[in-house]
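1. need the 3D shape of this:
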Amino acid sequence: MIKLDAAVPLTAAILTILKNPPPLEKWSVQGLGMMRLYLSKEVRLHIWDGRQAYPDVSQIHTHSWHFTSLVVSGALVNYRYGYGVGAPTHDRYFLKCGAGGCVMSAPEPVSLRRRPIERFRAGEWYSQSFSEIHYTDTTVGAVTLNQREFQQDEDHAYVFTRTGMPWVSAEPRQATEEEKDHYLTLALRNWMK
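-> Residues are numbered from 1 along each chain as shown. The predicted model follows:
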């Protein structure tokens, strides 16, 4: 897992990647408003711009892996949710993740309650278990390093929409040259702000 004392050498290595990026085919965009680069199966570099999220995308979700994320540059706000009691607030869908992702269930009404907001700045890290419900927001151009610890079922998770709203996919796809330039420019312009 990523250790806090590893932040400084990681930051220098990531800046080198941003200034000398791998070829276009190594980058993908994901509908939650990020471009990503796989450094290994377990480790991904994310560059964030929420303005690029797919329209009406379903942002509240779980994962199929535990993860630790280091905020390399910029800032991140993590909103965790728990199940509540009372009237349903959201519809829960069982999801096949990744390329070819799709919902695998009918919507199930659930009540979600937001937990205290968590804020992280450059050099700070946070961890989350695969079953924790969350939504991430970042500053424009924020850079994070995400290390995943896979679980037995690495292709499925839950996604949540406001009650009665349709599910909108955040399926990843190959980045275009324009997207790659956009995200890298933002990351370098906002480096360590």
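
2. strand partners of the lowest-mean-pLDDT helix or strand in the chain, parallel vs antiparallel please.
-> Scoring the helices and strands of the chain by mean pLDDT, DSSP states H and E places strand 102-103 at the bottom, with a mean of 82. The pairing partners recorded for strand 102-103 under DSSP bridges are strand 90-96 (antiparallel).

3. and the partner strand, how far out from the chain's middle?
-> Counting by CA atoms, centre = their mean, to the nearest Å, strand 90-96 is centred 17 Å from the centre of its parent chain.

4. same thing with stretch 177-184?
-> 18 Å.

5. quick one: furthest residue from the center of the protein?
-> Computed with CA atoms, centre = their mean, the maximum C-alpha offset from the centroid of the chain is found at Gly86, amounting to 29.0 Å.

6. and it, which of the three is it?
-> On the three-state scheme (DSSP: H, G, I helix; E, B strand; the rest coil), Gly86 is labelled coil.

7. ok, and the closest non-adjacent residue to it?
-> The spatial neighbour of Gly86 that comes closest, neighbours along the chain excluded (CB to CB, 6 or more residues apart in numbering), is Ser111 at 5.2 Å. To be clear about C-beta, it is placed using only N, CA and C from the backbone, and glycine gets the same treatment.

8. now do the contacts for the one you found.
-> Tyr83, Gly84, Val85, Gly86, Ala87, Pro88, Thr89, His90 (CB atoms under 8 Å, 6 or more residues apart in numbering).

9. could you redo the last one with a cut-off of 7 Å?
-> Tyr83, Gly84, Val85, Gly86, Ala87, Pro88, Thr89 (CB atoms under 7 Å, 6 or more residues apart in numbering).

10. how close does the fourth one sit to Ile117?
-> Put plainly, it is Gly86. 21 Å (CB to CB, to the nearest Å).

11. about what we covered before: neighbouring contacts of the least confident helix or strand of the chain?
-> Tyr93, Phe94, Leu95, Lys96, Trp167.

12. in terms of model confidence, name the weakest of these.
-> Within the contacts of strand 102-103, Lys96 has the lowest pLDDT, namely 84.

13. can you count the residues close to Ser129?
-> 12 (other CB atoms under 10 Å).

14. no no, Arg162
-> Other residues close to Arg162 by other CB under 10 Å number 13.

15. next: Gly84.
-> Neighbours of Gly84 (other CB under 10 Å): 14.

16. quick one, what contacts it?
-> Per CB under 7 Å, 6+ apart, neighbours of Gly84: Ser111, Leu112, Arg113.

17. I'd like to know which of these is nearest to Pro21.
-> In terms of CB to CB, no member of those lies closer to Pro21 than Leu112, at 37.7 Å.
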